[in-house]
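sharing a sequence plus its predicted fold:
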Amino acid sequence: LLNVGRICKQKEQLTLIRSLPIVLKKFPNAVCIFASPIYEEEYYNCMLKEIQKYNLQDHIIFLGGVELREVIDLYKSCDVFVLPSIYETWPLAICEAWAAKIPVIASSIDNIKAMVKDNYNAMLFPVFDHNLLAEKIETILADKELANKLIENGRREVEKKYSWRKIAEMIEKHYFRVLS
């Protein structure tokens, strides 16, 4: 499992940590990697307490902030990308995961729901619901056909809507609209 983003309350990594004891019952070798710089020390300390509470030390890796090349390699080496955020403006990490061909599970907040179709190119769960998050993780890990469908549809979505060419076209249209 992979989470990329700042360690802070907004990203709500505690939900992911709380889902792990459930996931580990069916997938005892599961590991969660946080490729995330620590932005809120107090929140990070809460995460560490939860890790100790559930005895998850052998199943969680904190890498801190990593270089872009390393992040790309991490995406490609993981089975599932999880984004349990409370709020997002525009979740670039979902596009990165899609581009790297990794299935995505994300919280069902407005700006994520605006770009994701549940059970089509990603799986969604309610914010803070670690039980349902665990169920979604287990489903993807157990169902390779579903995982491949999510990967294929996510990759298609990022190529269709979020390629550099598409972004350049949108910026150009915006400039022409502003200038006219």
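Received it, and whenever you're ready, just let me know what you need. If you're wondering where the values come from, they're calculated on a predicted model, not measured in any experiment.

which residues touch stretch 52-62?
7, 17-18, 20-21, 24, 30-34, 36, 50-51 (Cβ atoms under 8 Å, 6 or more residues apart in numbering). Glycine gets a C-beta too; all of them are placed from N, C-alpha and C.

in the chain, which ranges drop under the pLDDT threshold?
Across the chain, nothing is flagged by pLDDT under 70.

do a quick rundown of the helices in it.
13-26, 41-53, 68-77, 92-99, 110-113, 130-142, 144-161, 164-179 (DSSP state H).

tilt between the third one and helix 92-99?
Angle, helix 68-77 to helix 92-99, by axes from the mean of the first three to the mean of the last three Cα atoms, to 10 degrees: 60 degrees.

could you say what helices and strands helix 68-77 packs with?
strand 2-4, strand 32-35, helix 92-99 (3 or more Cβ pairs under 8 Å, 6 or more residues apart in numbering; DSSP states H and E).

the longest one: which residues count as buried?
Residues of helix 92-99 classed as buried: 93, 94, 95, 96, 97, 98, 99 (neighbour count, 16 or more other Cβ atoms under 10 Å).

so the fourth one is in contact with residue 4, correct?
Put plainly, it is residue 96. Yes: between residue 96 and residue 4 there is a contact under Cβ atoms under 8 Å: 7.2 Å.

any chance of JSON lines for the buried residues of helix 92-99, columns distance to residue 177?
What follows is the buried residues of helix 92-99, written out as JSON lines (distance: Cβ to Cβ, whole Å):
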{"residue": "93", "distance to residue 177": "29"}
{"residue": "94", "distance to residue 177": "27"}
{"residue": "95", "distance to residue 177": "24"}
{"residue": "96", "distance to residue 177": "28"}
{"residue": "97", "distance to residue 177": "31"}
{"residue": "98", "distance to residue 177": "28"}
{"residue": "99", "distance to residue 177": "28"}
